[in-house]
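Peer 1: return a 3D structure for these sequence lines:
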Amino acid sequence: MDASIATSSPGAGSATPLVSARQICQSYDKGAAGSLVVLDKADVELRPAEIVGLLGRSGSGKSTLLRAIAGLIQPSSGTVAFQGRPVTGPTSGIAVVFQSFALFPWLTVLENVELGLEAQGVAPAERRKRALAAIDLIGLDGFESAYPKELSGGMRQRVGLARALVVHPKVLLMDEPFSALDVLTAETLRTDLLDLWCEGRMPIEAILMVTHNIEEAVLMCDRILIFGSNPGRVIAELRVDLPQPRNRLDPAFRTLVEDIYARMTARAGAPARDGLFPGTGIAMSLPRVSTNLMAGLIEAIAAEPYKGAADLPPLAAQLHHEIDDLFPVAETLQLLRFADLEGGDIRLTAPGLRFADGNVDERKRLFAQQLSTYVPLAAHIRRVLDERSSHKAPAGRFRDELEDHMSEDYAATTLKAVTNWARYAEYFAYDESADLFTLENPS
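Peer 2: Numbers count the residues shown, from 1 in each chain. I've put the predicted structure just below:
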């Protein structure tokens, strides 16, 4: 291996943090509706010889924090320092690998990897030498002259990794680098990356990675910061004291996974309304979860071996779901009182069990009952329709009401969610061509 790409083995840590982010807040102005806070007073330190994971659902501010540390955005408030110096823009010594491969299709693998060195003004001979060493390191030796279209997704992500490593950063930031890959490819790339890290063959001192995969975080990280949502914030920090390589079937590994599920499903105090959704009344922001997914999850929990109550980690493994897949569905069932979700477990309520046993018509009636009782926006739309002699109302009227409380995107998603749930329950109908709610099915 070329010495230009080798480094000492992780382990000789220092007490001085490489990266220190303090009280990072990020908000966006919504005009008359106020501001949308996506990240609230987040702190993170990254020290030499460690991999730290930022774990949470989409929308919890993890990637925002990562971009602030990379100097790609300036946070609304708070400070970021790299080796004690303020970060005010992209910084030499910090490299980023993104979820998307972001390769130039008209450049070869070698040319893509050389780009960062070219931008630094490195001489062509040295540039080529270091790029070839990086390509060899990440397992693409022989593909130097290939173009991105000739490579699989996993190989393209390896090119992205080589491009980050070739500039010899001290810190490597990774934003969900495996999420765009299939399961087997992602597992291979994780294993190879960990092998390189544990053998001290990468020219970096620390890694900070964003993930929404709980097992991935436990598999790779020395510390895990767990993020809550609405607004994004750090709700827990866990140290992973398991030796590498780690075994997913190890009882200690499973225990830590269970603990994280429990922390991520714990209720943080008594909200104004039950459930895990921000806002109250019609201002409750809702995810666009299909009724098919809700029915499918209820059926899975009601069936063997769970019989109405399931531990989330094995349930997620059985369904091949990550937290961004499972949690929105489970939380929506909790909002509708079809299930209770807490402590890493999900248990069907009496209405949930009746739904599992019911025929199509019984399920629709039960869903309409829960929708009218526990989703204020649905009840509000139905009340307006009932009160009007025409039993019709423009959807824009409700969209405008929502935008008084939330962003335009959140308002659109919330209204679509309620529309789809109401259509399934035959609680009210929606004519898309006229953008009109009605009590009658549109022609």
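
Peer 1: quick check, pLDDT for I73.
Peer 2: I73 carries a pLDDT value of 86.

Peer 1: scratch that, S372
Peer 2: pLDDT for S372: 90.

Peer 1: show me the shaky parts of this structure.
Peer 2: Confidence mapping of the chain against pLDDT under 70 gives the ranges 1-15, 30-35, 101, 267-280, 441-443.

Peer 1: and the host helix or strand of E118, what does it pack onto?
Peer 2: Per DSSP states H and E, E118 falls inside helix 109-119. The elements that helix 109-119 packs onto, with contact taken as 3 or more CB pairs under 8 Å, 6 or more residues apart in numbering; DSSP states H and E, are helix 124-137, helix 153-165. Any C-beta I mention is one placed from the backbone N, CA and C, and that applies to glycine too.

Peer 1: residues of the first one that come out buried?
Peer 2: By 16 or more other CB atoms under 10 Å, the buried positions in helix 124-137 come out as R127, R128, K129, R130, A131, L132, A133, A134, I135, D136, L137.

Peer 1: what ranges do the strands span in the stretch 101-250 of the chain?
Peer 2: Taking DSSP state E, counting those that start in this stretch as the test, the strands found in the stretch 101-250 of the chain are 171-175, 206-211, 223-228, 233-239.

Peer 1: what lies in contact with the second one?
Peer 2: Outside of strand 206-211, the residues that reach it under the criterion CB atoms under 8 Å, 6 or more residues apart in numbering are 18-19, 44, 46-55, 62-63, 66, 69, 170-179, 197, 217, 220-221.

Peer 1: the strands of the stretch 101-250 of the chain: which one's closest to Q120?
Peer 2: strand 171-175 (16.6 Å; CB to CB).

Peer 1: how about the residue nearest the centre of the chain: what's its closest non-neighbour residue?
Peer 2: In the chain, the centroid-proximal residue (CA atoms, centre = their mean) is S58; its distance is 3.2 Å. Leaving aside its sequence neighbours, S58 sits nearest to D324 (CB to CB, 6 or more residues apart in numbering; 5.2 Å).

Peer 1: A helix includes that neighbour, no?
Peer 2: Yes: the assignment for D324 is a helix, going by DSSP: H, G, I helix; E, B strand; the rest coil.

Peer 1: and it, how many residues sit next to it?
Peer 2: The number of residues packed near D324 is 15, by other CB atoms under 10 Å.

Peer 1: got the domain ranges for the protein?
Peer 2: 3-93+168-263, 281-438 (automatic domain parsing).

Peer 1: ok, which of those comes nearest K149?
Peer 2: Between K149 and the domains of the chain, the tightest spacing by CB to CB is seen for domain 3-93+168-263, at 16.1 Å.

Peer 1: from R190, how far off is L137?
Peer 2: L137 is 16 Å from R190, where distance means CB to CB, to the nearest Å.

Peer 1: for L107, same thing?
Peer 2: Distance check for L107 against R190: by CB to CB, it reads 27 Å.

Peer 1: in the stretch 151-300 of the chain, what residue spans correspond to helices?
Peer 2: Along the stretch 151-300 of the chain, counting by DSSP state H, counting those that start in this stretch, helices occupy 153-165, 183-198, 214-220, 251-265, 291-302.

Peer 1: redo those as a markdown table? Include distance to L315 and mean neighbour count.
Peer 2: Formatted as a markdown table, the helices of the stretch 151-300 of the chain follow (distance: least, CB to CB, whole Å; neighbours: other CB atoms under 10 Å):
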| stretch | distance to L315 | mean neighbour count |
| --- | --- | --- |
| helix 153-165 | 28 | 23 |
| helix 183-198 | 17 | 16 |
| helix 214-220 | 13 | 23 |
| helix 251-265 | 10 | 18 |
| helix 291-302 | 7 | 17 |
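
Peer 1: would you turn those into CSV with distance to L371?
Peer 2: Converted to CSV, those look like this (distance: least, CB to CB, whole Å):
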stretch, distance to L371
helix 153-165, 40
helix 183-198, 35
helix 214-220, 31
helix 251-265, 23
helix 291-302, 10
